[in-house]
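Engineer: next come a sequence and a model predicted from it.
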Amino acid sequence: MIDMTVVDLSRLQFAATAMYHFLFVPLTLGLAFLLAIMESVYVMTGREIWRRMTMFWGTLFGINFAMGVATGIVMEFQFGMNWAYYSHYVGDVFGAPLAIEGLMAFFLEATFIGLFFFGWDRLSRVQHLCVTWLMALGANFSALWILIANGWMQNPVGSVFNPDTMRMEITDFMAVIFNPVAQAKFVHTVSAGYVTGAVFVITVSAWFILRGRHLDLAKRSIAVAASFGLAASLSVVVLGDESGYAATQHQKMKLAAMEAMWHTEAAPAGFNLFAIPGQGHNSWELQVPYALGIIATRSLSGEVPGILDLVEVAGQRIRSGLNAYGALQDIRADGSNEAARTRFAQSWQDLGYALLLKRYRSDILNATPEEITQAAFDTVPGVAPLFWSFRIMVALGFFFIGFFAFAFFLACKHQIVESRRFLRLAVVTLPLPWVAIEAGWFIAEYGRQPWAVEGVLPTFYAASDLSVTSLAISLAFFVTLYTALAIIMVFLMLKVIKAGPGDRNPLIDGLTGGAHLPQTAAAAPDRH
């Protein structure tokens, strides 16, 4: 029988490392393109203030990138340590985009990051600008392949289960790449990263202005970040709608749980603006009529199924999956049994649903109706956490549109320095992009439960057979290590920010190979 304590500890460890790692990824994505924009202005105008801006924000980018690499490596090792059966079962599919990410995107990004820091005095302006843009593109390529892998877990297209090898295998790699869920997740995720980078730049710049320091750099930085962030925040909302539409097509249970929609409503369904989710019903609802049906199906006639109706569908798929499981046992007993292969081919897509019964008994072909019903209800993720996480994410998304629009207005009117209230708001806004991003990832991953791979492999079935003691020790080790890394990162970031963009900053000199401007040029204000 499955030890759920082992599964829960494995999930907790992976969740902790993954969500910690993703504190760094969005800032890398956002700062990379802001650096490219700033250096482009430097190359076009020749004004040294833009060079100093690029070097200063580039130093913070480098610290963040190093921490992202250090925390990301651990995640991949966990697939072999804590999720061994997952690696065996779907490694042929899941491993391909991860390998491409490492061999192509990450090497590209890492190479050009080195040239960015150490090439200031070795490359021409145009050559160094090309390096910066390639660095930014490499960061986004890296995110693309990671999200292709994750998108396949949400919507496992282009693959089949091979009864002879007992593994999922790729049949159409292009379908994996152009998976609609993966593409929607990619553009939504990178846009959220751009928002994070823009908020970070505005926050630090606002802090400088409030203290009367580095005004030339801060005002220009806010102008660039406000325009970039406004475009990014608008795209986050639009592309988030696209992600929701993809969930309507491929992850109906996740969508129903996000909306705390227990029963199927007549089309078009209403949107629960606020509710108190219960078990099987909601205690209180404030609903916007027709909104959910229009948003989710983009029509007035499309139906959005409720949770309880989807549970009925899951029960039917469990029964179909038992036929596939029985045929699979016959194939393993006699590989030449063509009748069994035919039966398996007809219902193998439901095999994963039958595996849900493994939580309750090993001989699942003898499962009782009560156990099938119980397994069907296991397909319902936690409704209340998903419901509120989604609303926090959406509310912050609209807040950022207003935030960047106002910052853009002040920048155009040259009133940034005078608007003290906005500057104070900008400083306290710093953590909000991360709150929205972590809520989004919580929705994506927690909302997929009980699946490691949607409809294919239950999470509890994917875990390694480890002891509770070993997992508790490793979890404590990672929490301790990551806490130490967090302290180091905050210390380094604050040290660079407090030192400011002056050319005698030792961290900047160390990361750029000593490339800096003459002290007189650095100290003189840029009045252009």
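Structural biologist: Looks like it arrived, so ask away.

Engineer: report the central residue of the protein.
Structural biologist: With distances taken as Cα atoms, centre = their mean, residue 441 lies nearest the centre of the chain, 5.2 Å away.

Engineer: and residue 466, which of the three is it?
Structural biologist: Put simply, residue 466 is coil when judged by DSSP: H, G, I helix; E, B strand; the rest coil.

Engineer: first vs last residue of stretch 301-310, how far apart are they?
Structural biologist: Distance across stretch 301-310, first residue to last, is 19 Å (Cα to Cα, to the nearest Å).

Engineer: who touches the helix or strand that contains residue 421?
Structural biologist: Using DSSP states H and E, residue 421 falls within helix 420-428. For helix 420-428, contacts defined as Cβ atoms under 8 Å, 6 or more residues apart in numbering pick out 199, 202-203, 205-207, 209-210, 403, 406-407, 410, 416. Backbone N, C-alpha and C define where each C-beta goes, glycine included.

Engineer: which of those residues fall within helices?
Structural biologist: If you go by DSSP state H, the contacts of helix 420-428 have 199, 202-203, 205-207, 209-210, 403, 406-407, 410 in helices.

Engineer: could you export those as JSON lines, including distance to residue 154?
Structural biologist: Formatted as JSON lines, the ones in helices among the contacts of helix 420-428 follow (distance: Cβ to Cβ, whole Å):
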{"residue": "199", "distance to residue 154": "27"}
{"residue": "202", "distance to residue 154": "32"}
{"residue": "203", "distance to residue 154": "32"}
{"residue": "205", "distance to residue 154": "37"}
{"residue": "206", "distance to residue 154": "37"}
{"residue": "207", "distance to residue 154": "39"}
{"residue": "209", "distance to residue 154": "43"}
{"residue": "210", "distance to residue 154": "43"}
{"residue": "403", "distance to residue 154": "30"}
{"residue": "406", "distance to residue 154": "35"}
{"residue": "407", "distance to residue 154": "34"}
{"residue": "410", "distance to residue 154": "40"}
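
Engineer: most widely separated two among those?
Structural biologist: Spanning the widest gap among these are 207 and 406, at 17.7 Å by Cβ to Cβ.

Engineer: who's more crowded, these two?
Structural biologist: More crowded of residue 207 and residue 406, by other Cβ atoms under 10 Å: residue 207, with 19 against 16.

Engineer: quick check: that one touching residue 498?
Structural biologist: No: applying Cβ atoms under 8 Å, one finds residue 207 not in contact with residue 498, separated by 9.7 Å.

Engineer: for residue 497, which non-adjacent residue is spatially closest?
Structural biologist: Distances taken as Cβ to Cβ, 6 or more residues apart in numbering place residue 204 nearest to residue 497, at 5.7 Å, with adjacent residues excluded.

Engineer: show me what contacts that neighbour?
Structural biologist: 60, 221, 497.

Engineer: next, residue 347: phi, psi?
Structural biologist: With angles defined as degrees, to the nearest 10, residue 347 sits at phi -140, psi 20.

Engineer: what residues are up against it?
Structural biologist: Residue 347 makes contacts with 320-321, 323-324, 327, as judged by Cβ under 8 Å, 6+ apart.

Engineer: is it correct that residue 276 falls within a strand?
Structural biologist: Yes: counting by three-state DSSP, residue 276 falls inside a strand.

Engineer: for burial, what's the neighbour tally of it?
Structural biologist: 11.

Engineer: residue 482 - how many residues pack around it?
Structural biologist: Using other Cβ under 10 Å, residue 482 has 19 other residues around it.

Engineer: and what of residue 269?
Structural biologist: Residue 269: 27 surrounding residues under other Cβ under 10 Å.

Engineer: hang on, the earlier thing: of the ones in helices among the contacts of helix 420-428 - the most surrounded one?
Structural biologist: residue 202 (31 neighbours).

Engineer: verify the stated contact: it with residue 222.
Structural biologist: Yes: using Cβ under 8 Å, residue 202 is in contact with residue 222, at 5.4 Å.

Engineer: picking up where we left off before, for the helix holding residue 421, buried residues please.
Structural biologist: Using 16 or more other Cβ atoms under 10 Å as the test for burial, helix 420-428 gives 422-423, 425-426.

Engineer: run the chain-centre distance for whichever helix in the chain runs longest.
Structural biologist: Ranked by residue count and defined by DSSP H, the top helix of the chain is helix 215-250. Helix 215-250 has its C-alpha centroid displaced from the chain centroid by 15 Å (Cα atoms, centre = their mean, to the nearest Å).

Engineer: and that helix, which residues are buried?
Structural biologist: Residues of helix 215-250 classed as buried under the neighbour-count rule (16+ other Cβ under 10 Å) are 216-236, 239-240, 243-248, 250.

Engineer: now do the contacts for residue 74.
Structural biologist: By Cβ under 8 Å, 6+ apart, the contact set of residue 74 is 17, 21, 478.

Engineer: in what helix or strand does it lie?
Structural biologist: Counting by DSSP H and E, the element that carries residue 74 is helix 48-81.

Engineer: so what angle separates the directions of that helix and helix 215-250?
Structural biologist: 40 degrees (axes from the mean of the first three to the mean of the last three Cα atoms, to 10 degrees).

Engineer: looking only at pLDDT, what's the mean for helix 48-81?
Structural biologist: Mean per-residue pLDDT for helix 48-81: 88.

Engineer: ok now it, how far from the chain's centre?
Structural biologist: Counting by Cα atoms, centre = their mean, helix 48-81 comes out at 16 Å from the chain centroid.

Engineer: which intervals of the stretch 401-528 of the chain have sub-threshold pLDDT?
Structural biologist: 502-528 (pLDDT under 70).

Engineer: go with 90
Structural biologist: In the predicted model of the stretch 401-528 of the chain, residues 465-466, 478-479, 481-486, 488-490, 498-528 satisfy pLDDT under 90.

Engineer: which neighbours do residue 202 and residue 222 share?
Structural biologist: Joint contacts of residue 202 and residue 222 (Cβ under 8 Å, 6+ apart) are residue 407.

Engineer: where in the stretch 101-250 of the chain is pLDDT low?
Structural biologist: Across the stretch 101-250 of the chain (using pLDDT under 90), the flagged ranges come out as 101-111, 113-114, 117-122, 138-143, 184, 237-250.

Engineer: hey, where'd the strands end up in the protein?
Structural biologist: Using DSSP state E, the strands assigned to the chain run over residues 159-162, 167-170, 271-277, 282-288, 451-453, 457-458.

Engineer: determine which of these approaches residue 104 most closely.
Structural biologist: strand 167-170 (17.7 Å).

Engineer: in the closest one, what's buried?
Structural biologist: In strand 167-170, counting by 16+ other Cβ under 10 Å, buried: 167-168.

Engineer: listing partners with orientation, what would you give for it?
Structural biologist: With DSSP bridges as the test, strand 167-170 is paired with strand 159-162 (antiparallel).
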